[in-house]
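Student: Below are the sequence and a predicted model for it; my questions follow.
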Amino acid sequence: MLFVILAATLMKIKETADNLWLKKIPIAHRGLHSNDSGIPENSIKAFENAIKHNYAIELDVFVISDQQVLVFHDDNLKRMCGVDKSINTLDSHNYKRYKLLKTNENIPLLQDVFDVVDGRVPILIEIKKQTGVKNTNSIILNTLLGYKGPVAIQSFNPFTIGWFSKNAPSIIRGQISSDFKNEEMNFVRKYLLRKLKLNFISKPHFIAYDVRDLPNSLIERIRRNGTLILGWTVDSKESYDRIKMFCDNIIFENFNP
């Protein structure tokens, strides 16, 4: 019964030139970066490096206080910028003050990334969990609508993806999931997310699943039913060789597949 219900809420992607990349082009996690070699994650330099190697780009976004969409992974600047400052305190007047990992790379806006990439490779956008800013989905959508290149969105939050299902159904969307065994959340929420029980809300076109939790019988059944599975985050050739038979494409870092 679970599989019947789940299958009914997974949307099939009709393969076209615009979305075939999700299956065919490896996706560089936060760009083709090397944090130890002067190419910070989620930087213009990392995205240019991915373009050079013809990889798709995965990146993360937050909406800052004056409704700009910022490309950054953490909700605090400490790890990447050395400053203990919440992402919610940034605005268009101060975000450029902070450099990524002591390089000359600024935190980019999503529009900056769109201007640089300009459709040369596809972009997969992870919408991060955020508090304190209203209408974040609408703000992100308005930025997306001006971009002509291949793009998809994903999130751990099924309600975020569900919002895009209702308000922008033509945008390819994915549900991110994992075992969540090390996450601090109550058992019921963990069970619902792990078992993809809320897919009737998100109606995802693809599932992005933690490769540490593959193989997985539920994911195998979903894949056999024709839903695309992305494995994240593959960080070595050995990891890739272990899981490549269980997914259709990978989100990778620390090696070139």
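Tutor: Structure received. Residues are numbered from 1 along each chain as shown.
Student: Going by C-alpha atoms from here, please, whenever you check contacts or count neighbours.
Tutor: Will do.
Student: how far away is I229 from E220?
Tutor: Distance of I229 to E220, computed by CA to CA, to the nearest Å: 9 Å.
Student: So if I had to pick from these two, which one is more boxed in?
Tutor: Counted by other CA atoms under 10 Å, I229 and E220 do not tie: I229 has more neighbours, with 25 against 15.
Student: ok so the more buried one is a strand residue?
Tutor: Yes. Counting by DSSP: H, G, I helix; E, B strand; the rest coil, I229 is located in a strand.
Student: Please look at it and I207 and confirm they touch.
Tutor: Yes. Using CA atoms under 8 Å, I229 is in contact with I207, at 5.0 Å.
Student: For the residue lying closest to S178 once chain neighbours are set aside, list the residues it contacts.
Tutor: In this structure, S178 finds its nearest non-sequential neighbour in D210, 4.9 Å apart by CA to CA, 6 or more residues apart in numbering. Residues near D210 by CA atoms under 8 Å, 6 or more residues apart in numbering: 177-179, 231-233.
Student: Same question for L144.
Tutor: Contacts for L144 (CA under 8 Å, 6+ apart) come out as none.
Student: That one and K181: what is the separation?
Tutor: Taken as CA to CA, the span from L144 to K181 is 33 Å.
Student: what stretches of the protein score poorly on pLDDT?
Tutor: Residues of the chain meeting the criterion pLDDT under 70: 1-18.
Student: Where do the helices of it begin and end?
Tutor: 2-8, 21-24, 44-52, 78-81, 110-117, 136-145, 158-167, 187-194, 199-202, 217-224, 237-243 (DSSP state H).
Student: Dump the ones you listed to CSV, plus distance to L90.
Tutor: Output for the helices of the chain, formatted as CSV (distance: least, CA to CA, whole Å):
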stretch, distance to L90
helix 2-8, 39
helix 21-24, 32
helix 44-52, 19
helix 78-81, 13
helix 110-117, 15
helix 136-145, 15
helix 158-167, 22
helix 187-194, 30
helix 199-202, 29
helix 217-224, 38
helix 237-243, 37
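Student: wait, which of those is closest to F255?
Tutor: Smallest distance to F255 across the helices of the chain (CA to CA): 7.0 Å, for helix 237-243.
Student: And the contacts of the closest one?
Tutor: Residues from elsewhere that reach helix 237-243, judged by CA under 8 Å, 6+ apart: 211, 214-215, 231, 234, 255, 257.
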